[in-house]
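[1] any chance you could fold what I've pasted below:
(chains A, B and C)
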Amino acid sequence: MTKTNPGNFFEDFYVGQVIRHATPRTVTEGDVALYTAIYGPRFAVQSSDAFARKLGYPRAPIDDLLTFHIVFGKTVPDISLNAVANLGYAGGRFLAPVYPGDTLSAVSEVIGLKENSNGKTGVVYVRSTGYKSDGTEVLDYVRWVMVNKRDPGSAAPVPVVPVLPESIDPDALGDACPLLSAHGWDPALAGSRFRFGDYVAGERIDHVDGMTVEESDHMLATRLYQNTAKVHFNQHTEGQGRFGRRLIYGGHVISLARALSFNGLGAAFHIAAINAGRHVAPLFAGDTVYAWSEVIDTARIEGRSDVGALRLRLVATKDLPCRTFPYADDSGVYAANVVLDFDYWALMPL
Amino acid sequence: MTKTNPGNFFEDFYVGQVIRHATPRTVTEGDVALYTAIYGPRFAVQSSDAFARKLGYPRAPIDDLLTFHIVFGKTVPDISLNAVANLGYAGGRFLAPVYPGDTLSAVSEVIGLKENSNGKTGVVYVRSTGYKSDGTEVLDYVRWVMVNKRDPGSAAPVPVVPVLPESIDPDALGDACPLLSAHGWDPALAGSRFRFGDYVAGERIDHVDGMTVEESDHMLATRLYQNTAKVHFNQHTEGQGRFGRRLIYGGHVISLARALSFNGLGAAFHIAAINAGRHVAPLFAGDTVYAWSEVIDTARIEGRSDVGALRLRLVATKDLPCRTFPYADDSGVYAANVVLDFDYWALMPL
Amino acid sequence: MTKTNPGNFFEDFYVGQVIRHATPRTVTEGDVALYTAIYGPRFAVQSSDAFARKLGYPRAPIDDLLTFHIVFGKTVPDISLNAVANLGYAGGRFLAPVYPGDTLSAVSEVIGLKENSNGKTGVVYVRSTGYKSDGTEVLDYVRWVMVNKRDPGSAAPVPVVPVLPESIDPDALGDACPLLSAHGWDPALAGSRFRFGDYVAGERIDHVDGMTVEESDHMLATRLYQNTAKVHFNQHTEGQGRFGRRLIYGGHVISLARALSFNGLGAAFHIAAINAGRHVAPLFAGDTVYAWSEVIDTARIEGRSDVGALRLRLVATKDLPCRTFPYADDSGVYAANVVLDFDYWALMPL
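    Numbering: from 1, shown residues only, chains lettered A, B, ... in the order given. Below is the predicted model of the structure:
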């Protein structure tokens, strides 16, 4: 018997199973500084205690994606250590703001299982929830991963495929955003003169700038999240693997694209929900990430006269500027060099 | 109409124009730790709360150059996004100590404009001021940059060239340094047995050590400062540009040289003013930075019996040790491999 | 006379000499975040204030090796700037927990001197002690280094070789670990269901995972520790040196191996003592570190019913998985690719 964690295989999961994940993590101003250094975000709410306080926050909350990455990282040793692929995300909601000093933990419930026809792998659906040490839930989301079977000969479970929402209902947004004082929003400090009413569905925005990724950057980030997926860290084995090199954590791409999106979406200060996410192609060190956004929808939130919600498609590419908005053809085949297709709700001052 | 920031062109500036820059930034202990990790400074005042308190600070102030870089970074999207070259700095004064928890913002005033004879570019002079959220000014300095015109056919403005001081008057130094308790200075902990009286004008000091820069290092730093200048980050476009690679932020070189200067100037704990600065040649990843200093002048500050001021020329080179003090010839032509010529006032215990 | 630090040569040391080292350092949450980002440790006590408080700590202590590296770094300019080799460590004890906000300083006493027969170098033995600004000692350890003589013709000192303990007595462990509330230990959050009683002497654990090191990573770490040893930073000179490249700080390997050891030793939450340490071969950027551990001994600590001690040999390799536990042959010759042999006591809940 080994004392090391071999990870769970497809046969180890059952619907209804609840897994408490290891290593609670107190988020600090150190994490925030690293997040800034790694991605270069410029959203004023997360950057400035003074700006956040004028709006009604007790202090600057941490970046929503930093919360996501920390929660996600905790699930890796139990859910995806033997994963072949991370297939998608859906139904993600941010439920409470997170501040430096909060301790985050995560728990996952298996909500679906389906063996693949090859008999070697299966898809595991989990709802993962991040919570603070006082029990406050900060995030929940569904992801599904393809996981190896330990024994191809083992029997398939009864297939259970959860019904996932295409998107989060606007009225379910806003839990992680306190009621804001509209007069506290200073457009010059925020870096954008555009507000909720200036955006319309169908509008597309090229975020212009590109960011090149180095091995050291993505490994620093992924270790910061205590994400232990082997493919990100070990050149000795990955050098002999299918890509010949380390694979960059998909969440790293989301954070890069989100930081780039400040240029055009400077007032979209908070990610309220993740409707869907797909890593279309892998990213490697040396690649340069570009991004563009499309406004899929705009919505008011019942009972809120401070903020509205934009449903955004954030597309990231590698080594391809986004002037022509590269995406997918009518049959859903992604254009070359697209690496991320991410559908989320952001809040913006009215 | 685009919602992305296209930056200002030469025609967009006018003398007297005041620009409030985006993204206020709360400085934290996380930023300080990253600054230490990126440059390796060892000045005791900024490294130790206990050492700083014995001198009379409420706690360790942040490194003066960290303040400079954060303020500078805020000005980039409005001032130098379309800059061809950052031509120089002058008249910089540090006006108040900055501590973790302070929120920094920046404002710039255009104080000069001069179109170049080619009709394609012009020089913009700005005085930028960094201030805390309570209005306390922490830094002001002048820089001038060469900026592209949007339209080469547009009319030239009346040229205005500000008169800049050759150096800051010694009696204007010291605002960012509280009155210190001389007996609190412990030379062993400070790492130098030399004090103000041990240095004489004309003295030159080779700082001996060299530091090699990696792509990841300078990009982490420059993103930490929320500096968005494209040339530092995008290998995809810079690979096709004039140098074939990313250009390192000039301020990165200043911080590297300043950190190296500890070896010989360990008691020069505070930068009180920047008289002049010039980036003589670009630095690239893989280059090794060396530095040497010359004492240009020494001065007492009226009313202060705790500290004196050294006016220092800090010269940095790449891939060239500074045993022979490489600098410039009589006609002002810099020696090969010199990358930085930086003239500043530092304070030292009497 | 130069104002730069030329470092001490063998002739400059004498038995009984006490050296107070420069640059006290306030440890912060920023340092902790960087430590996490650089090595990826997952021990719950150091990761979570909430977890640590349930056990009886006032908050999460910093990683023991972060304390070690900071104290070690301070000794470099005075002890090992002219060192040819860092020969070993022994007799290291952690004496008090260190928390963010504590300021660390270091002092060393020369406890042994022995000139080598070649007349060009000698071995210097020092006991270095790290302490907080209130005088609390946090760590002491012995290391010995081979240092160049300034003048090969100078007379040899009377040789003094200290008697060093083979290992720290178990009853001397535990000073840096408060009495813990056993019921506060949550195995799921801790990431391991194994406790003290599950480990037996002779047991070997392959930690499975590998971590590739980049130049930027190890330089960030070593600068964070304000360690100034030239060989880690200067490619311009090291490129012409005996390895043709920068040498990674030995302590970096210890921290990497310790972080990897979580996978199999997740409950070994605290390093109580360093019995012996040896850097068997150098590590370079691009190398991938693997590790395995052997339980050398298990011991109860007198008066403690909360924790027991495991004496562990932590072996790190480069570019060699540890399934076969590579170590040394009977004559003490290390196997190829072994880089670290580290003997320490860790505490684990009973």
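[2] output the below-cut-off pLDDT ranges for chain A.
    Regions of chain A meeting the criterion pLDDT under 70 cover residues A:1.
[3] the residue in the stretch 251-350 of chain A positioned nearest to chain C: which element?
    Going by C-beta to the nearest C-beta, chain C is nearest to A:Ala285 of the stretch 251-350 of chain A, at 9.2 Å. In this view, the C-beta of every residue, glycine as well, is placed from N, C-alpha and C. Assigned by DSSP states H and E, A:Ala285 belongs to neither a helix nor a strand.
[4] my read: it touches A:Glu215, true?
    Yes. If you go by C-beta atoms under 8 Å, A:Ala285 and A:Glu215 touch, sitting 4.2 Å apart.
[5] what residue spans form the domains of chain A?
    As assigned by automatic domain parsing, chain A contains the domains A:1-27+A:62-152, A:191-350.
[6] can you add mean neighbour count and give these back as JSON lines?
    Below are these laid out as JSON lines (neighbours: other C-beta atoms under 10 Å in any protein chain shown):
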{"stretch": "domain A:1-27+A:62-152", "mean neighbour count": "20"}
{"stretch": "domain A:191-350", "mean neighbour count": "20"}
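[7] against which helices or strands is the longest helix seen in chain A packed?
    Criterion DSSP state H: the longest helix present in chain A is helix A:64-79. Counting contacts by 3 or more C-beta pairs under 8 Å, 6 or more residues apart in numbering or on different chains; DSSP states H and E, helix A:64-79 is packed against helix A:29-39, strand A:83-94, strand A:103-115, strand A:121-132, strand A:137-148, helix A:215-224, helix A:250-260, strand A:270-279.
[8] closest one to C:Val339 among the domains of chain A?
    Of all the domains of chain A, it is domain A:191-350 that lies closest to C:Val339, at 13.5 Å by C-beta to C-beta.
[9] show the end-to-end separation of the closest one, please.
    Counting by C-alpha to C-alpha, to the nearest Å, you get 16 Å between the two ends of domain A:191-350.
[10] can you tell me the element the closest residue in space to A:Gly239 that isn't next to it in sequence falls in?
    Closest residue to A:Gly239 apart from its sequence neighbours, by C-beta to C-beta, 6 or more residues apart in numbering or on different chains: A:Arg245 at 6.6 Å. Take DSSP H and E as the rule and A:Arg245 turns out to sit in neither a helix nor a strand.
[11] which residues touch A:Arg245?
    A:235, A:238-239, A:284-285 (C-beta atoms under 8 Å, 6 or more residues apart in numbering or on different chains).
[12] go again using 7 Å as the cut-off
    A:235, A:238-239, A:284 (C-beta atoms under 7 Å, 6 or more residues apart in numbering or on different chains).
[13] tell me the residues of the stretch 201-350 of chain A that contact chain C?
    Listed as neighbours of chain C in the stretch 201-350 of chain A under the rule C-beta under 7 Å from any C-beta of the partner chain: A:215-216, A:220, A:223-224, A:226, A:230, A:233-237.
[14] on that earlier part again, in a markdown table: the contacts of A:Arg245, plus distance to B:Leu104 and secondary structure.
    Output for the contacts of A:Arg245, formatted as a markdown table (distance: C-beta to C-beta, whole Å; DSSP: H, G, I helix; E, B strand; the rest coil):
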| residue | distance to B:Leu104 | secondary structure |
| --- | --- | --- |
| A:Gln235 | 39 | helix |
| A:Glu238 | 41 | helix |
| A:Gly239 | 44 | coil |
| A:Phe284 | 36 | coil |
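[15] and these, which is closest to chain C?
    Nearest to chain C among the contacts of A:Arg245 is A:Gln235, at 4.0 Å by C-beta to the nearest C-beta.
[16] can you tell me how far the closest one is from A:Val15?
    Per C-beta to C-beta, to the nearest Å, A:Gln235 is found 38 Å from A:Val15.
[17] and A:Asp140, by the same measure?
    17 Å.
[18] got it, and A:Cys177?
    Distance, A:Cys177 to A:Val15, by C-beta to C-beta: 33 Å.
[19] many thanks, I have nothing further to ask.
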